[in-house]
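Visitor: Sharing a model prediction with you, sequence too.
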Protein chains: 2
Amino acid sequence: MSVRGSKVNGLMVTIRDVAKESGFSSTTVSIVLNNAPLARYIPAVTKKRIEKAAKKLGYRPNLFARSLRSKRSHTVGVMVFDMTDPYCTLILRGIENTLYQASYLPILTDVHNERSRFERYLEMLLDRRVEALIVLANWLFVDIDVLADLEKSSIPTAMIGRELKTDTISSVIVDNEMGAYAAVEHLHSLGHRKIAFIRGPKTLADSAPRWKGIRSFAKASELDLDPRLIVDLPESRDPISSFEAGYKLTEELIKQKRPFTALMAFDDMTAFGAIRALAKAGLRVPEHCSVVGFDDVAASSLYTPALTTVRQPMEAMGAMAVSIVVDGINSVQEKREVVAVHRKVAPELAVRESTRNLL
Amino acid sequence: MSVRGSKVNGLMVTIRDVAKESGFSSTTVSIVLNNAPLARYIPAVTKKRIEKAAKKLGYRPNLFARSLRSKRSHTVGVMVFDMTDPYCTLILRGIENTLYQASYLPILTDVHNERSRFERYLEMLLDRRVEALIVLANWLFVDIDVLADLEKSSIPTAMIGRELKTDTISSVIVDNEMGAYAAVEHLHSLGHRKIAFIRGPKTLADSAPRWKGIRSFAKASELDLDPRLIVDLPESRDPISSFEAGYKLTEELIKQKRPFTALMAFDDMTAFGAIRALAKAGLRVPEHCSVVGFDDVAASSLYTPALTTVRQPMEAMGAMAVSIVVDGINSVQEKREVVAVHRKVAPELAVRESTRNLL
DNA sequence: CAGCAGAGTGAAACCACTGTCAAGATCGGC
DNA sequence: GCCGATCTTGACAGTGGTTTCACTCTGCTG
């Protein structure tokens, strides 16, 4: 292994040291080591000598200096609104992995759903000249201001989990409508007709399209949507709270004595809460009631029963956001215009153990 | 709000622009805006004028230039060995939050448990002159090499989740022995005497001390440890796999027909697998068998039944690692010697629904 | 009234690298 | 032996800060 960071008595070795060692000027060294255009004129012997000297000294270019000159940081800012939301994990993995392949490094910030924190972090990231921004807008009321702040930043920006129509900020979202449609369809195909629904909070962007998908299936198949079996999650800034809300709402649904054989939850967390409530009431899943979630967070397949849910291709979505902004960076570099792109990816129904045929 | 990034026709405003605007030299501007020692000689009027000019132009210092001079990046490298491990999430949150308070920014890297990736990332981080390193060694066979690489880096480094005796790398771990002790003690106090154990893989550092804690309790209370009820997780680099292994091993334990009334799993993932296997065999938790895990990952409290487990104070551990390395950075800055510290934090038993009295 | 301390400020060096530009060397062709 | 083209290389300027050092100017002491 190369003698990493080999320093001469604590000092870093600079390009000048390599120049001295190799007998050429630092200009030539720079040209050779960066394989700059001019390098094609430099004879192989010279290159060899310089490379040997560089290796011998363990030379590593100082990225501060390089960045100062080139105005590039090779860094991308990632803003998450709440990292503890299990929804984030796989997306972050997708982001990380794709950035790695493109040789960018992520600076991760967690906004804790606080506006002040958002502003401070945004400032910090821009001060560091991140070349792009990826915003993971999970479980969030994105106000107009946030978007405006982001637009002002004038670097390629992609938002995951929030549909946008801007032409400055790209977006990657799942097709909520299609997912919800598929989920009810699944329940319907299993014979369920009395289905309870826990809808998302109205302030959450995902809520409406998911409900639309359900309504659209209901209409197409003449499924009756009983308004007394439809409840809404309260607004909250905390994704974990949807577990508790799911629990409480399901308790109330049960107490109502209005029978249902299946329950469709807004997301997996809510579904977990619902399952808990059903269990408390002596109702087994899926024997007495089928339950379906949305998202397919990591825990869903580990749950007992394993949760049937609508899978968001999270890793792919993260990767997609990265490739969008990397394209953006390249456009900026080549002084082409950056155009926002909006991707809506298809979810996939993951049928597991929490749903079954109505006997 | 300040006119962020206000640029004069696309160019950033530099300290010289502020100098020109205010009528002072860039030296004075620098002194004033940084409140450098010399600033005490500068009269308030001058300061006011300079500050006003800076604000008016929306001046933001170029951190590349600053870093180049000061040799500081205000950045900390965070290396995770597998981000998808739910064990990481809260620790990362703790790290992020504490770094934020100290005005450092994290660069997050996920090593995917691959040595080549580790090396490349380490190199990238050092090239960027991160001022410290926090390594989240979850579920990992840390070979000697990795440690050696880290030691060579000669920046303050803390490792979470792996006990070390080095005097160059700090460590933060949970007291595995104490945690395991508390867990068996809990089962014992509920009346359980026939307890099955799924131990961790031998190559994992946590395995031995946890088992030691169990043995030590067994000895103290004359609990009989039936070797036929003791099984080991296979070695694996994937934390999710412990779910499957937990499932399989529990299946085998059941098949053995050697009765047990409680099961202590190596970690929560394993416990989830065990619960699934028990359920498949028609055994309810906790009615027919109590189950206890270790870690208290986010999903544990959401599980049905909610999992009794040994809680690692993960957020605190992350925070602790940060304060250790920040102290280290300060020491380096003041040319004091950096001494590694080793913290072992006490876990806490979280008693929930998966364990109950033996009737 | 020389001398000196200290307040207030700026010129210039420096951090490490890249890119432009031009000069010198080499070569082929006439 | 001269000319233009093609190599090969290095001096130098520039990137945007910070810091050293020195200079000027008061005001005060001896």
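Guide: On my side now, so go ahead. Residues are numbered from 1 along each chain as shown, chains lettered A, B, ... in the order given.

Visitor: So residue A:68 belongs to a strand, correct?
Guide: No. Counting by DSSP: H, G, I helix; E, B strand; the rest coil, residue A:68 is located in no strand; its state is helix.

Visitor: Tell me how far it lies from residue A:35.
Guide: Separation of residue A:68 from residue A:35 (C-beta to C-beta, to the nearest Å): 21 Å. Every C-beta, even on glycine, is put in place using the N, C-alpha and C of the backbone.

Visitor: any chance you could map the strands in the stretch 51-200 of chain A?
Guide: Secondary structure of the stretch 51-200 of chain A by DSSP state E, counting those that start in this stretch: the strands cover A:75-80, A:105-110, A:132-136, A:157-160, A:169-174, A:195-199.

Visitor: Turn those into a markdown table, columns for mean pLDDT and distance to residue A:281.
Guide: Listed next are those as a markdown table, based on pLDDT from 0 to 100; distance: least, C-beta to C-beta, whole Å:
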| stretch | mean pLDDT | distance to residue A:281 |
| --- | --- | --- |
| strand A:75-80 | 97 | 36 |
| strand A:105-110 | 98 | 37 |
| strand A:132-136 | 96 | 36 |
| strand A:157-160 | 96 | 37 |
| strand A:169-174 | 96 | 32 |
| strand A:195-199 | 98 | 13 |
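
Visitor: for the ones you listed, which one sits closest to residue B:283?
Guide: strand A:195-199 (29.2 Å; C-beta to C-beta).

Visitor: thinking again about what came up before, so if I had to pick from residue A:68 and residue A:35, which one is more boxed in?
Guide: Neighbours per residue (other C-beta atoms under 10 Å in any protein chain shown) separate residue A:68 from residue A:35, with residue A:68 holding more: 19 against 11.

Visitor: partners of residue A:264 in the sheet?
Guide: With DSSP bridges as the criterion, residue A:264 is bridged to residue A:197, residue A:292.

Visitor: what about it, neighbour count?
Guide: 31.

Visitor: tell me the pLDDT at it?
Guide: Here the pLDDT value assigned to residue A:264 is 98.

Visitor: Please settle this for me: is residue A:260 part of a strand?
Guide: No. Read with three-state DSSP, residue A:260 is coil and lies in no strand.

Visitor: Phi, psi for it please.
Guide: Torsion angles at residue A:260 (phi, psi; degrees, to the nearest 10) stand at phi -140, psi 150.

Visitor: In contact with it: list those residues for me.
Guide: A:194, A:195, A:196, A:229, A:253, A:289 (C-beta atoms under 8 Å, 6 or more residues apart in numbering or on different chains).

Visitor: Pick out the residue nearest the middle of chain A.
Guide: Taking C-alpha atoms, centre = their mean, the centroid of chain A lies closest to residue A:91, which sits 3.8 Å from it.

Visitor: what helix or strand does the closest residue to residue A:284 other than its chain neighbours sit in?
Guide: Counting by C-beta to C-beta, 6 or more residues apart in numbering or on different chains, residue A:278 is the residue found nearest to residue A:284 once chain neighbours are left out, at 7.5 Å. Taking DSSP states H and E as the criterion, residue A:278 maps to helix A:268-280.

Visitor: Which elements pack onto that helix?
Guide: Contact analysis of helix A:268-280 by 3 or more C-beta pairs under 8 Å, 6 or more residues apart in numbering or on different chains; DSSP states H and E lists helix A:241-255, strand A:262-264, strand A:290-295, helix A:298-302 as its packing neighbours.

Visitor: Name the next helix or strand downstream of the last one, please.
Guide: Looking back up the chat, that one is helix A:298-302. Past helix A:298-302, the next helix or strand by DSSP H and E is strand A:308-311.

Visitor: what residues are up against the closest residue to DNA strand C within the stretch 151-300 of chain A?
Guide: For the stretch 151-300 of chain A and DNA strand C, the shortest gap (C-beta to the nearest atom of the strand) falls at residue A:155, measuring 20.0 Å. Counting by C-beta under 8 Å, 6+ apart, residue A:155 makes contact with A:126, A:130, A:131, A:132, A:133, A:328, A:332.

Visitor: Can you get me a residue count around the residue lying closest to the fourth one once chain neighbours are set aside?
Guide: Using C-beta to C-beta, 6+ apart and skipping the chain neighbours, the partner closest in space to residue A:132 is residue A:325 (3.7 Å). Applying other C-beta under 10 Å, we find 28 residues neighbouring residue A:325.

Visitor: ok, residue A:325 to DNA strand C distance?
Guide: Taking C-beta to the nearest atom of the strand, to the nearest Å as the measure, residue A:325 falls 22 Å from DNA strand C.

Visitor: For chain A, give me the ranges with low pLDDT.
Guide: In the predicted model, chain A carries pLDDT under 70 at residues A:1-11, A:139-142.

Visitor: quick one, domains of it?
Guide: Per automatic domain parsing, the structural domains of chain A span A:15-61, A:74-174+A:315-346, A:176-311.

Visitor: who touches residue A:306 in this structure?
Guide: A:300, A:352, A:353, A:354, B:276.

Visitor: got it, and residue A:122?
Guide: Going by C-beta under 8 Å, 6+ apart, residue A:122 touches A:79, A:149, A:150, A:153.

Visitor: Quickly list what the first one is bridged to.
Guide: What it means is residue A:79. Counting by DSSP bridges, residue A:79 forms beta bridges with residue A:109, residue A:135.

Visitor: unless I'm mixing things up, residue A:24 is touching residue A:51, no?
Guide: No. Taking C-beta atoms under 8 Å as the definition, residue A:24 is not a contact partner of residue A:51, at 11.3 Å.

Visitor: For chain A, what lies in contact range of DNA strand C?
Guide: By C-beta under 7 Å from any atom of the strand, the part of chain A that sits against DNA strand C consists of A:11-12, A:14-16, A:26-27, A:30-31, A:33-34, A:36, A:38, A:59-62, A:64-66, A:68-70.

Visitor: Cross these against helices and list the overlap.
Guide: A:15-16, A:26-27, A:30-31, A:33-34, A:64-66, A:68-70 (DSSP state H).

Visitor: Nearest to chain B: which residue in the stretch 251-359 of chain A?
Guide: Nearest residue of the stretch 251-359 of chain A to chain B: residue A:299, at 4.0 Å (C-beta to the nearest C-beta).

Visitor: What separation do you get for that residue and residue B:306?
Guide: 13 Å.

Visitor: Tell me which residue in the stretch 201-350 of chain A sits closest to DNA strand D.
Guide: Closest point on the stretch 201-350 of chain A to DNA strand D, by C-beta to the nearest atom of the strand, is residue A:332, at 16.3 Å.

Visitor: Tell me if I'm right that that residue and residue A:156 touch.
Guide: Yes. The pair residue A:332 and residue A:156 qualifies as a contact (C-beta under 8 Å) at a distance of 6.7 Å.

Visitor: Not counting residues beside it along the chain, what's closest to the residue of the stretch 201-350 of chain A closest to DNA strand D?
Guide: residue A:338 (6.1 Å).

Visitor: Nearest spatial neighbour of residue A:174, chain-adjacent residues omitted?
Guide: Per C-beta to C-beta, 6+ apart, closest to residue A:174 is residue A:312, 4.5 Å.

Visitor: ah, wrong one, I meant residue A:13
Guide: For residue A:13, the spatially nearest residue (C-beta to C-beta, 6+ apart) is residue A:57, at 4.6 Å.

Visitor: follow-up on the earlier one: and the residue of the stretch 201-350 of chain A closest to DNA strand D, that one's in a helix?
Guide: Yes. Counting by three-state DSSP, residue A:332 falls inside a helix.
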